[in-house]
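Engineer: sequence first, then the predicted structure, then my questions.
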Amino acid sequence: MWRGIVSGLLAGAFWGAVFIVPVLLPDFSPVELMVGRYICYGALAAGLMLPRLLPLLRRLRGGDWLAMLRQALAGNVVYYLLLAYGVKLAGVAPTSLIIGLLPLSVTVFGHKDHGALPLRRLALPLLVVALGIACINLDIFSHAGGAGGAGMAHKLAGVLCAICALACWTWYALDNARFLKRHTHFSAVEWAMLYGLASGVIALAVGAAALALQPAGGPDGGPARDWTHFWLVCLLLALGASVIGNYLWNLASRLVPVTLSGQLILSETLFALLYGFVYAQHMPRPLEWAAMVLLTAGVLWSVHAHAGQGEDGGEGWA
């Protein structure tokens, strides 16, 4: 179990970086960011699995193909597209903190899974998490500057994108955990590489369609964009957040109950906030400190509750 917990926390450390990439590459659209990231992910997955790619593909059954495609769409392509739009329109902090509701949404929708603790045993840890989220949202609204109608519309659109991203990843987290527990003929790294390939194929198709629909003269006006920097960031993001992060998450999903994996997702939000503070070069405000402490305490409390169940002979740890 503790191996699964550490894997989930490390996955969150890698995933937190995805929230600042739209800020690092402001001249590129969310569609371009998604296409670049997942083309690199697909290429890395193909290269890493090349010696045994064909035998691995032959092991795929009918249901495996469907699971691979739906998880590539929900957990990778659509989720990151919505996340990038959320960051572009609403900012890093609101987007990361809306998606920070994942521990609550995954726990609530996964509480009937095998090996999960009943919700009454998690009520207090979840209350602490909810208080932390309330603190950070109070901080956001109390420091929001005056915005015109168009600016407010953009912010609301970004919030809506973040909420849709939350829904996508909630569904993906539950589907992925349940699939890996039922289908043991793929290792965690094999499955991460397989839906990495699927994500790359989908990103190529989206990129080709976007290129075909682009006006004949291409984008006009504005300064020339640094494509070398773009592809370098996309490659690093694909390696860290997609290849390594997804492998660690698949490992965690197989080793811990769904309700605990839902709590571990919170590490993504904490690392996203940390990276955002470092990038902005300012210390957290009092309410931000309170939020981070409460969120961390809630997760540790949940981990302790699950550890107690495991020591008492509870089911679901294998």
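Structural biologist: Alright, I've got the coordinates. It should be emphasised that the depicted structure is a prediction, and the values quoted were computed from it without experimental measurement.
Engineer: right, and the helix or strand after the helix or strand of the chain with the lowest mean pLDDT?
Structural biologist: None of the helices or strands of the chain scores lower by mean pLDDT, DSSP states H and E than helix 258-264, at a mean of 69. Remark: after helix 258-264, the chain's next helix or strand is helix 266-280, criterion DSSP states H and E.
Engineer: CA atoms only: put that following helix into PDB for me.
Structural biologist: Provided in PDB are the C-alpha atoms of helix 266-280 (Å, rounded to 0.1, in the frame of the first residue of the first chain):
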ATOM      1  CA  LEU A 266      -4.700  16.200  -4.400                       C
ATOM      2  CA  SER A 267      -0.900  16.200  -4.600                       C
ATOM      3  CA  GLU A 268      -1.300  17.400  -8.200                       C
ATOM      4  CA  THR A 269      -3.000  20.500  -6.900                       C
ATOM      5  CA  LEU A 270      -0.500  21.200  -4.200                       C
ATOM      6  CA  PHE A 271       2.400  20.900  -6.600                       C
ATOM      7  CA  ALA A 272       0.600  23.100  -9.200                       C
ATOM      8  CA  LEU A 273       0.200  25.800  -6.500                       C
ATOM      9  CA  LEU A 274       3.900  25.400  -5.500                       C
ATOM     10  CA  TYR A 275       5.100  25.700  -9.100                       C
ATOM     11  CA  GLY A 276       2.800  28.700  -9.600                       C
ATOM     12  CA  PHE A 277       4.100  30.500  -6.600                       C
ATOM     13  CA  VAL A 278       7.700  29.900  -7.700                       C
ATOM     14  CA  TYR A 279       7.000  31.100 -11.200                       C
ATOM     15  CA  ALA A 280       5.200  34.200  -9.900                       C
END
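Engineer: which other helices and strands contact it?
Structural biologist: helix 2-15, helix 92-99, helix 102-109, helix 286-311 (3 or more CB pairs under 8 Å, 6 or more residues apart in numbering; DSSP states H and E). No exception for glycine: its C-beta is placed from N, CA and C like everyone else's.
Engineer: residue contacts, Ala167?
Structural biologist: Ser105 (CB atoms under 8 Å, 6 or more residues apart in numbering).
Engineer: how close does it sit to Leu102?
Structural biologist: Plainly put, Ala167 is 10 Å away from Leu102 if you go by CB to CB, to the nearest Å.
Engineer: thinking again about what came up before, hey, which of the helices and strands packed on helix 266-280 is tucked in deepest?
Structural biologist: Highest mean neighbour count of the helices and strands packed on helix 266-280: helix 92-99, a mean of 24 (counted as mean count of other CB atoms under 10 Å).
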